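Visitor: would you be able to build a 3D model of this:
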Amino acid sequence: MQSFRTELELENPVVEQDIIKLEKQIRLYREGKIDEDKFRSLRLVRGIYGQRQPGVQMIRIKFPQGKITSQKLFRVSDVADTYSNGILHLTTRQDIQIHYVSLDVTPQLWAELEQDEITIREACGNTVRNITASAFAGIDYYEPFDVSPYAQKMFEYFLRNPICGDMGRKIKIAFSSSEVDSAFTFMHDFGFIPKIQIRNGQKIKGFKVLVGGGLGQQPVHAFTAFEFLEEEKIIPFTEAALRVFDRYGERNKRMQARLKFLIKELGQEEFLRLVEKEQKSLLNQVVRVSNSENEEKYLLNTLSEIAIRTEHIAANKQAKYSLWKTTNTFRQKQTGYYAVGIKITQGNISTALARKIAHIADIYTGDDMRITASQNLLLRFVPEANLPFIFNYLDEIGLANVGFETTFDVTTCPGTVTCNLGVASSMGLAEVLEEILVKEYPQFATNRQLSIKISGCMNACGQHVIANIGFQGMSMNIGKAVAPAFQVVLGGGVLSNGQGQFAEKTLKVLSRRTPDALRTLLNDYQANKLENELYNDYYQRQGKKYFFTLLAPFADTSNVAEEELIDWGNEDSYQKAVGIGECAGVIIDLISTLFVETEEKIDTAELALDAGQLADAAYHTYNAMIYTAKALLISIEAKTNSHQSIIDGFDREFIQTGKIDLGSSFAELALQVAEQVPMYSFVSNYLRKAKEFLLKAKGYRNSVLS
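Guide: You can find the predicted model right below:
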């Protein structure tokens, strides 16, 4: 493998060392010195995800709050052309994914992205994933204040934070711009909604804080931890909560390892008590967001540089322009400026088109694009005079599609196209459904109250459980054959009062029958709804049994045609082929590997201590102690499914039996990280004890083996 350093030099030494380490790990993996499962966890934390197709990778690129400039879009396009297939996939978590990448080129790819400060670090695996936010944050009429700086600060604070590199499961965080909850905070591990309190005549900024939500097979509503938490306290609260999750969360049973399950086990009150206790040991009791008022001012100050292109709309395009302006443009709270939504079908866009969008964003807008949760792009700060020109330009390149975030805008994950976990072709189905909607149901082009979302499996990356009409990829046994199918779910989404609601399962229909099932649902709604009745209200009024009966003919498998055994976008009969999911980052706990990782964590702690990063040094040291104890517990096949079980188990099996003497219980030693403020004297002594513990553990292990 050729080193990226022969071509690029990075200004950030931390990033450079991270990429060098990835390059080294790939080399060791190729040489057989790192096993497959261990290497999987190492690459996932660097945004490298195995595809359904062997020998190639998906690279997930993080854009906090979905914010992307023209220069960054040019850079990603160049990288995709060089190392991938020239297609960018926009995700529901406001990332960009590129596919079919060779593992060996990933260090160079990453280094080239970092030339414009774009990262793939912690985009996958057991980490704090991309921080999402409302695409309209900063321009929303109804927002108390712009949450964008807070989302950015949260992203920066937890990137490479030692708490977040090896948790039991992933963590998802979202900021909504208002109580309308357009970022779906109710379904996130941590959700933040801005609020203002008046105290002594002064406006105080803060957030409503929601915790413990999640989708997947068991969707759970987040609970309200605070109706109002001051702005400077949201990051310390989140840090303390992540520490609690890291210590007490499940680590072996992947399906029970999300934060929502820990909260269910502990109870909300006990969870918050542990968080409050943990906060006392944090180095940063408050984290303020600087220049939080300057984001909007900065953008407004740059508007004088925007080129104005006044154009006319041709007579034969007047009707389309009028509809496009209705469905794809939004008046901002800043007078005279609009946001323009660009509908990206299935979230896939070629690099050639991406460059053309970047070009107009750079010259004719405020160059502040957002990737949306609906897999689209939003141009912001477009002068009203530029709207006809923007329309003509987009229409010329085939991107003036009406229906941005309306019923026409079907959300979908990649499904069986590239994902290991895909069960059915979600993208193939989405293409068919959108064609039907455009041709047969033009009246839904302006409907923002009826959403359709598709996921290729139960993991809900297409967010089907928060759709008014959702489809989840499944399979059905038809005699000795297996056919692709979709579970129909109904009644999900954000309600008019801002409260979230999960869709209910009805029944499973063959994939090839799904278009007719959708036609039946839409026709029934139009024929029987009350005046101005929203779809969810209609669903609740009719009841689940009504829809079960309505869709029952599509679930009948007594007479299945041969073509119904073929999935969308395929020619051959369906074969269920689900690979190993990588969302959680599986690790094989070999004892020797754990000791090596302990040494690495101690080295990292020493570097952090020398750099004055005391909180990081303390937490790296804590992790080193946990790994040391875990190695010995695994050697006797003891329970190691959480940090707390490791602490308790080590005391029971090794301290109380006198096999190892630490001068105290292991709990008293390790949990000093939760009791002591990380000052230099404490951290240096804590690190010294971790080294002594490792030596004793190795000595014990050698005595047992000899």
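Visitor: so who does Val244 touch?
Guide: Going by CB atoms under 8 Å, 6 or more residues apart in numbering, Val244 touches Leu262, Phe271, Leu274, Val275, Glu278. C-beta here means a position set from N, CA and C on the backbone, and glycine is covered the same way.
Visitor: what helix or strand does the closest residue to it other than its chain neighbours sit in?
Guide: Of all residues not flanking Val244 in the chain, Leu274 sits nearest, at 4.7 Å (CB to CB, 6 or more residues apart in numbering). If you go by DSSP states H and E, Leu274 is part of helix 268-279.
Visitor: for that helix, output the C-alpha coordinates as PDB.
Guide: Taking Å, rounded to 0.1, in the frame of the first residue of the first chain, the C-alpha atoms of helix 268-279 are listed here in PDB:
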ATOM      1  CA  GLN A 268     -35.900   7.000  34.200                       C
ATOM      2  CA  GLU A 269     -35.400   8.300  37.700                       C
ATOM      3  CA  GLU A 270     -32.500   6.000  38.400                       C
ATOM      4  CA  PHE A 271     -30.900   6.800  35.100                       C
ATOM      5  CA  LEU A 272     -31.100  10.500  35.700                       C
ATOM      6  CA  ARG A 273     -29.800  10.000  39.300                       C
ATOM      7  CA  LEU A 274     -26.700   8.300  37.900                       C
ATOM      8  CA  VAL A 275     -26.200  11.000  35.300                       C
ATOM      9  CA  GLU A 276     -26.400  13.700  37.900                       C
ATOM     10  CA  LYS A 277     -23.900  11.800  40.100                       C
ATOM     11  CA  GLU A 278     -21.600  11.400  37.100                       C
ATOM     12  CA  GLN A 279     -21.700  15.100  36.200                       C
END
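Visitor: what residues does that helix touch?
Guide: With contacts defined as CB under 8 Å, 6+ apart, helix 268-279 is touched by 211-212, 223, 225, 236-237, 239-241, 243-244, 248, 262-263, 266, 285, 674.
Visitor: where in the chain is pLDDT low?
Guide: Scanning the chain for pLDDT under 70 picks out the ranges 1-9, 291-304, 496-498, 574-590, 706.
Visitor: domain ranges for it?
Guide: 1-125, 127-292, 302-396, 411-565, 591-705 (automatic domain parsing).
Visitor: the second one: how far from the chain's middle?
Guide: For domain 127-292, the separation from the chain centroid amounts to 14 Å (computed by CA atoms, centre = their mean, to the nearest Å).
Visitor: likewise for stretch 467-480?
Guide: Using CA atoms, centre = their mean, the offset of stretch 467-480 from its chain centre is 24 Å.
Visitor: and what of stretch 329-340?
Guide: Using CA atoms, centre = their mean, the offset of stretch 329-340 from its chain centre is 28 Å.
Visitor: how far away is Thr446 from Phe190?
Guide: Distance, Thr446 to Phe190, using CB to CB, to the nearest Å: 34 Å.
Visitor: more neighbours: those two, which one.
Guide: Set Thr446 next to Phe190 and count neighbours by other CB atoms under 10 Å: Phe190 wins out with 26 against 14.
Visitor: pretty sure that one sits against Glu239.
Guide: No. The criterion here is CB atoms under 8 Å, and Phe190 misses it with Glu239 at 10.8 Å.
Visitor: can you pull the contacts of Ala555?
Guide: Leu507, Lys508, Val509, Leu510.
Visitor: for Gln152, state which of the residues you listed is nearest.
Guide: Each of the contacts of Ala555 was scored against Gln152 by CB to CB, and Lys508 proved nearest at 42.2 Å.
Visitor: the residue most central in space within the chain: which element?
Guide: Nearest to the geometric centre of the chain sits Arg93, at 4.4 Å (CA atoms, centre = their mean). Arg93 belongs to no helix or strand when assigned by DSSP H and E.
Visitor: quick one: buried ones out of the contacts of Ala555?
Guide: Leu507, Lys508, Val509, Leu510 (16 or more other CB atoms under 10 Å).
Visitor: neighbours around Gln285, how many?
Guide: Residues contacting Gln285 under the criterion other CB under 10 Å number 11.
Visitor: wait, it sits on Glu239?
Guide: No. Between Gln285 and Glu239 there is no contact under CB under 8 Å: 10.3 Å.
Visitor: in the stretch 151-300 of the chain, which spans are helices?
Guide: For the stretch 151-300 of the chain, the helices defined by DSSP state H, counting those that start in this stretch occupy 234-248, 259-266, 268-279, 294-302.
Visitor: between those, which one is closest to Leu607.
Guide: helix 234-248 (20.7 Å).
Visitor: next, the angle helix 268-279 makes with that closest one.
Guide: 110 degrees (axes from the mean of the first three to the mean of the last three CA atoms, to 10 degrees).
Visitor: picking that back up, buried residues, the helix holding Leu274. List them.
Guide: For helix 268-279, burial by neighbour count (16+ other CB under 10 Å) applies to Phe271, Leu272, Leu274, Val275, Glu278, Gln279.
Visitor: want to throw these into CSV with distance to Tyr150?
Guide: CSV is the format used below for the buried residues of helix 268-279 (distance: CB to CB, whole Å):
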residue, distance to Tyr150
Phe271, 23
Leu272, 21
Leu274, 24
Val275, 19
Glu278, 21
Gln279, 18
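Visitor: now, the most widely separated pair of those?
Guide: By the measure CB to CB, Phe271 and Gln279 form the most distant pair in the buried residues of helix 268-279, at 12.9 Å.
Visitor: select the longest helix from the protein.
Guide: Taking DSSP state H as the criterion, the chain has its longest helix at helix 680-705.
Visitor: elements contacting that helix?
Guide: helix 591-610, helix 614-635 (3 or more CB pairs under 8 Å, 6 or more residues apart in numbering; DSSP states H and E).
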